[in-house]
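**Q** Predicted model, plus sequence, below.
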Amino acid sequence: MKINTIIIILFSILFLSEMYAGELDSPGNPSQTESYTLEDIYNLLKDGTTGSMSTFTEPSSGPGSTGHTLTEVYEAADEALSKIIPKTGQTTSYATGDDGDLEKGIAWPSPRFTDSEDGTITDNLTGLVWLKNAETFGLRSWTDALTDCSNLESGLYGLSDDSSAGDWRLPNIRELFSLIDFGASHDPYPPLPSGHPFSNVQSEGYWSSTSLAFNSDNAWIVAMNVGGSATLGDKTHSFVVWAVRDRN
């Protein structure tokens, strides 16, 4: 009885090994003999230089003094991640170590915006596509704002961008804030980058699609007449709508 049990267990192990380990034959020589070195990865993270893959050769000795350790690569990756957030636009410094002094973040491209001549403006920093007319729908409730954006398509309101219903949406609070130049004066409004190509930007608050977490009767709005500050609006009240979509 014990021998039968042992045999069953052995066959079970062999069966499961074949299922989960795949072929038991030894693998052949790898077909890919090129790869990025640690140095290549470090340079990509630090400088954005991709270079080309290096042909693998068996090292004759340990890494030289100019090589980078995994710790250094990790630190470079951490620094690269810190640059994902764009610059605020503030360049005037009011104290050592403030935003205007350090100017941290991704630099704005030049030009920042591109007028596609089809009723849309592309933000070359974020890749988002905005309606050129920032007052296309007028004042709307939050629910109506969601519907208006979702139903928007090429052929309506002067659009000729080949978009379809469902492509457009009400921006979330971070997408709205991405338009703000915190180095611009809010008097007169709006606090958008100098020379922006948008039309009819209003001083009233703009709806975002982001609800207030602890009271969903309210949603966040961005008020352009006070430097692009975030405030709250009752969803039954009326605010301005500015539709956005992703770049095709």
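**A** Received, thanks. Residues are numbered from 1 along each chain as shown.

**Q** Which parts of this structure are strands?
**A** 34-35, 54-55, 113-115, 120-123, 128-131, 139-140, 205-211, 218-223, 229-234, 239-240, 244-246 (DSSP state E).

**Q** Average pLDDT for the fifth one, rounded please.
**A** Translated: strand 128-131. Confidence for strand 128-131, expressed as mean pLDDT, is 98.

**Q** From the chain's centroid, how far away is that strand?
**A** Between the mean C-alpha location of strand 128-131 and the chain-wide mean there is a distance of 14 Å, by C-alpha atoms, centre = their mean, to the nearest Å.

**Q** list the helices and strands it packs on?
**A** Judged by 3 or more C-beta pairs under 8 Å, 6 or more residues apart in numbering; DSSP states H and E, the packing partners of strand 128-131 are strand 120-123, strand 244-246. From N, CA and C alone the C-beta is placed, and that goes for glycine too.

**Q** For residue 100, find the nearest of the strands of the chain.
**A** Among the strands of the chain, the nearest to residue 100 by C-beta to C-beta is strand 229-234 (18.6 Å).

**Q** Of the strands of the chain, which is nearest residue 172?
**A** Residue 172 lies closest to strand 205-211 among the strands of the chain, at 4.9 Å (C-beta to C-beta).

**Q** Please determine how far the spatially most central residue of the chain is located from residue 217.
**A** In the chain, the residue lying closest to the centroid (C-alpha atoms, centre = their mean) is residue 126, at 6.7 Å. In this structure, residue 126 and residue 217 are 30 Å apart, going by C-beta to C-beta, to the nearest Å.

**Q** now swap in residue 103 and tell me
**A** From residue 103 to residue 217 the distance is 39 Å (C-beta to C-beta).

**Q** So for those two, which residue has more residues nearby?
**A** residue 103 (15 against 12; other C-beta atoms under 10 Å).

**Q** tell me the contacts of the more buried one?
**A** 87, 90-91 (C-beta atoms under 8 Å, 6 or more residues apart in numbering).

**Q** got it, and residue 114?
**A** Taking C-beta under 8 Å, 6+ apart as the test, what residue 114 contacts is 121-122, 124.

**Q** One more: residue 241?
**A** Taking C-beta under 8 Å, 6+ apart as the test, what residue 241 contacts is 136-138, 140, 145, 148-149, 170, 206-207.

**Q** number of nearby residues for the spatially closest residue to residue 111 that is not a sequence neighbour?
**A** Among residues not flanking residue 111 along the chain, residue 124 sits closest, at 6.7 Å (C-beta to C-beta, 6 or more residues apart in numbering). Applying other C-beta under 10 Å, we find 15 other residues in the vicinity of residue 124.

**Q** Right, I'll call it a day here.
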